[in-house]
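Q: After the sequence you'll find the predicted model.
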Amino acid sequence: MIDKASQTTRDAIAAGFPLLIGGRETPGHAGRTMASTDPATGEVIAEFALGDAEDVGEAVAAAKAAFHGPWSRLSNMQRADLLRSLSRKIAENAVLLAELEVLDNGMPRMLADQIVGNCVHLFEYYAGWAERIEGTTTEAPPHVLAQGEALTYTLREPVGVVGLIVPWNVPLSMACLKLAPALAAGCTTVLKPAEETPLSAVVLGRLIKEAGFPDGVVNVVNGLGAEAGAALVAHPDLSKIAFTGSTEVGKMIARECTDSLKKVSLELGGKSPVVVFPDVDLAKAIPGVAMATFFLQGQNCMAGTRIFVHRDIYEPLLAGLAEFTANMQMGHGLEAGTMLGPLVSAKQQQRVMEYVEDGKSCGARLIVGGEAWQGPGNFVRPTIFADVDPSMRIVREEIFGPVMAVQPFDTDDLDEIAAMANDSPYGLSGSVWTRDLSNAHRMVSRIRSGHVSINCHGAVASNIPFGGYKQSGWGREFGREGMDLYLETKAVTVAL
Ligand code: NAD
């Protein structure tokens, strides 16, 4: 399928995927490589350099030198200009970045285009926040005032050198949503992409250099989680780790950072509820609910995978979901009309199929799907289970694949419905579907999640804070809150 990509993308693949450290392209001190494969075909796309603890050490040293050197001398306005210049570079290279995402991750091209567009906007958006970094003034303490005139003011300063560790499900977007606020705040960074999807980060790193960022401000070290990732987390010169990934690894990172008290922000797993009331507009709810689960083949932390439907519309909604799902075009992301691609790896396919078999064996009613797609690639047919009960693993655990679990409710008591929706260790996203907006808002206030939508699902954008309650994470990315993750507050008192 690489031959279906543009000449620019084929040239970029031929240029290789080294580590980017201190403005240099390097194969890494051990010269190790790993293959990145197209999950829709199994074809090797490219070998990429695999960094280890020593490479991470060099990258942190480069980031530290940049933090104390040229980067610290730029004004907020100058950093904003660089962010805007990067935004333009991403726009100019949109086809290349989108095609790499499709080849490396498997996502449909339509979606990759949208994601690259979001990244263009993200750097524009955070350029605006770089220009708006400001402190406050307040009264000086009484014992200082007792000696004469005085004032206290606050400065917002960058946290320092930060390690950014991201997953494979939306690789470019995950990298940009950490880099944009970190750079706007004045931090320097070491980015560790997921080993399953290493490619777009290297191209992004090259664009960052072309955009005029000083060497060492952004370093890209591809590598294994247990090696490069763990080395980054353990490095004493980092002030913070910003992590997106599984709850399991997130907890490990939080524990590891306790000794040094590095700051940590965590965007973790989810198992989000979708609550459908009987007065809903079915024509809108059917595609909306289906895509809440199947967007990105369900490899999506905010996926709405626990569907609660009022008994009055339970069977009509199930019938509509089954018809919509059966008509979703599955295939290679570069083929026109593809709505569903493969899962990222054979390992992920196997993991998802284990959940599907578990759902079948514990008595859930299989409505549609329930099998892997025969042929090359890591495809799993979108699967809907009905009549599930809350003790089943397909209801309790994050599957990170195209598996929906639907259950009916008979009550009109919102507290009872909320108790079902909140019966999860996660609290990332969720949605409520009804024509009755009063009921919708009452329901939203009862759902323990960081991000809830009404008559739509997963409405994320640069300006909308996103993050988890409960075991879905610490902190909020995007929006103004996204800046707070990368800024310290310094209080200064002046006796005049
Ligand atoms: P993962 O936790 O296995 O890996 C994520 C990243 O952490 C990768 O770069 C990996 O190399 C690295 N890593 C692994 N072990 C490490 C270690 N010991 N030390 C340091 N780094 C390590 O997760 P995944 O399987 O790649 O991604 C899927 C998970 O990510 C899902 O649980 C999903 O919900 C979550 N996710 C959350 C969000 C969000 O915003 N909340 C977004 C996307 C994905």
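A: That came through, no problem.

Q: Residue nearest the middle of the chain, spatially speaking?
A: M174 (4.4 Å; Cα atoms, centre = their mean).

Q: List the contacts of the closest residue to the ligand within the stretch 1-150 of the chain.
A: With Cβ to the nearest ligand atom as the measure, the residue in the stretch 1-150 of the chain that lies nearest the ligand is V56; the distance is 10.4 Å. To be clear about C-beta, it is placed using only N, CA and C from the backbone, and glycine gets the same treatment. The neighbours of V56, taking Cβ atoms under 8 Å, 6 or more residues apart in numbering as the test, are V190, K192, V221, G223, A228, A231, L232, H235.

Q: need the contact list for the last one.
A: With contact taken as Cβ under 8 Å, 6+ apart, H235 is in contact with V56, G57, V60, G163.

Q: Just say helix, strand or coil for the first one.
A: By that I understand V56. helix (DSSP: H, G, I helix; E, B strand; the rest coil).

Q: Tell me how far it lies from S260.
A: Distance of V56 to S260, given as Cβ to Cβ, to the nearest Å: 15 Å.

Q: cool, and the third one?
A: In this structure, V60 lies at 13 Å from S260, with Cβ to Cβ as the measure.

Q: So which bits of stretch 51-64 are buried?
A: G51, D52, D55, V56, G57, E58, A59, V60, A61, A62, A63, K64 (16 or more other Cβ atoms under 10 Å).

Q: I'd guess E315 is in a strand, am I close?
A: No. Secondary structure of E315 (three-state DSSP): helix, not part of a strand.

Q: Just give the nearest non-adjacent residue to the residue nearest to the centre of the chain, would you?
A: Leaving aside its sequence neighbours, M174 sits nearest to V166 (Cβ to Cβ, 6 or more residues apart in numbering; 3.8 Å).

Q: what's near enough to touch that neighbour?
A: Counting by Cβ under 8 Å, 6+ apart, V166 makes contact with M174, A175, K178, L191, K192, P193, A194, T244, G245.

Q: repeat that with 10 Å
A: V166 makes contact with 172-179, 191-194, 197, 201, 242-245, 267 under the criterion Cβ atoms under 10 Å, 6 or more residues apart in numbering.

Q: what about stretch 366-382, average pLDDT?
A: Averaged across stretch 366-382, the pLDDT comes to 94.

Q: Could you work out the end-to-end span of that stretch for me?
A: Between the start and the finish of stretch 366-382 there is a gap of 11 Å, counting by Cα to Cα, to the nearest Å.

Q: Show me what counts as buried in that stretch.
A: By neighbour count, and taking 16+ other Cβ under 10 Å as the criterion, the buried residues in stretch 366-382 are I367, V368, G369, G370, A372, W373, G377, N378, F379, V380, R381, P382.

Q: Over to stretch 353-360?
A: Neighbour-count burial for stretch 353-360 flags M353, Y355, V356, D358, G359 (criterion: 16+ other Cβ under 10 Å).

Q: how near is the first one to M404?
A: Okay, so that is M353. The spacing between M353 and M404, counted by Cβ to Cβ, is 15 Å.

Q: Same check on E323?
A: For E323, the distance to M404 (Cβ to Cβ) stands at 14 Å.

Q: With neighbour numbers in mind, choose between the two.
A: In terms of neighbours (other Cβ atoms under 10 Å), M404 is the more surrounded of E323 and M404; the figures are 29 against 12.

Q: helix/strand/coil for that one?
A: strand.

Q: Name the SS class of the spatially closest residue to M339 that is not a sequence neighbour, please.
A: Closest residue in space to M339, ignoring its immediate chain neighbours: M328 at 4.6 Å, by Cβ to Cβ, 6+ apart. When states are read from three-state DSSP, the local structure at M328 comes out as coil.

Q: I'd assumed G298 was in contact with M328.
A: No. With contact defined as Cβ atoms under 10 Å, M328 does not reach G298; the gap is 11.9 Å.

Q: what about the two, which has more around it?
A: A count of neighbours by other Cβ under 10 Å puts G298 above the other of M328 and G298, at 25 against 16.

Q: The more buried one and the ligand: what is the separation?
A: Separation of G298 from the ligand (Cβ to the nearest ligand atom, to the nearest Å) stands at 10 Å.

Q: Give me the distance between that residue and P382.
A: Between G298 and P382 the distance is 8 Å, computed by Cβ to Cβ.

Q: hey, what's in contact with both of those two?
A: Residues within reach of G298 and of P382 at once, by Cβ under 10 Å, 6+ apart, are L340, G401, P402, V403, M404.

Q: which among these gets closest to R156?
A: Taking Cβ to Cβ as the measure, G401 is the one of the shared contacts of G298 and P382 closest to R156, at 41.1 Å.

Q: Quick check: the gap between the closest residue to I241 other than its chain neighbours and K192.
A: Of all residues beyond its chain neighbours, the one nearest I241 is G163 (4.8 Å), with distances taken as Cβ to Cβ, 6+ apart. Separation of G163 from K192 (Cβ to Cβ): 7 Å.

Q: what sits in contact with each of these two?
A: Counting by Cβ under 10 Å, 6+ apart, the residues touching both G163 and K192 are V56, A59, N219, V221, A228, G229, A231, L232, V233, I241, F243.

Q: quick one: which of those is nearest to L334?
A: V221 (28.5 Å).

Q: surely T411 meets I417?
A: Yes. Distance between T411 and I417: 6.5 Å, which falls inside the contact criterion (Cβ under 10 Å).

Q: Name the residues of this structure found near the ligand, please.
A: 165-169, 192, 194-195, 225-226, 229-230, 233, 244-246, 249, 252-253, 267-270, 301, 398, 400, 428, 468, 473 (Cβ under 6 Å from any ligand atom).

Q: Secondary structure element holding the residue nearest to I241?
A: Using DSSP states H and E, G163 sits in strand 161-165.

Q: Report all helices and strands that that strand contacts.
A: Contacting strand 161-165 under the criterion 3 or more Cβ pairs under 10 Å, 6 or more residues apart in numbering; DSSP states H and E are the following elements: helix 53-68, helix 171-185, strand 188-192, strand 218-220, helix 230-234, strand 240-244, helix 247-256, strand 263-267.

Q: That one pairs with which strands, and in what direction?
A: Based on DSSP bridges, the pairing partners of strand 161-165 within the sheet are strand 188-192 (parallel), strand 240-244 (parallel).

Q: between the last one and helix 247-256, what angle do the directions make?
A: Right, the one you point to is strand 240-244. Counting by axes from the mean of the first three to the mean of the last three Cα atoms, to 10 degrees, strand 240-244 points 170 degrees away from the direction of helix 247-256.

Q: Using PDB, write out the CA atom coordinates for strand 240-244.
A: Once side chains and other backbone atoms are set aside, the C-alpha atoms of strand 240-244 remain, and they are given as PDB (Å, rounded to 0.1, in the frame of the first residue of the first chain):
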ATOM      1  CA  LYS A 240       7.700  16.700  34.900                       C
ATOM      2  CA  ILE A 241       6.300  13.700  33.100                       C
ATOM      3  CA  ALA A 242       3.200  14.200  30.900                       C
ATOM      4  CA  PHE A 243       1.800  10.700  30.100                       C
ATOM      5  CA  THR A 244      -1.000   9.400  28.000                       C
END
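
Q: All set, thanks.
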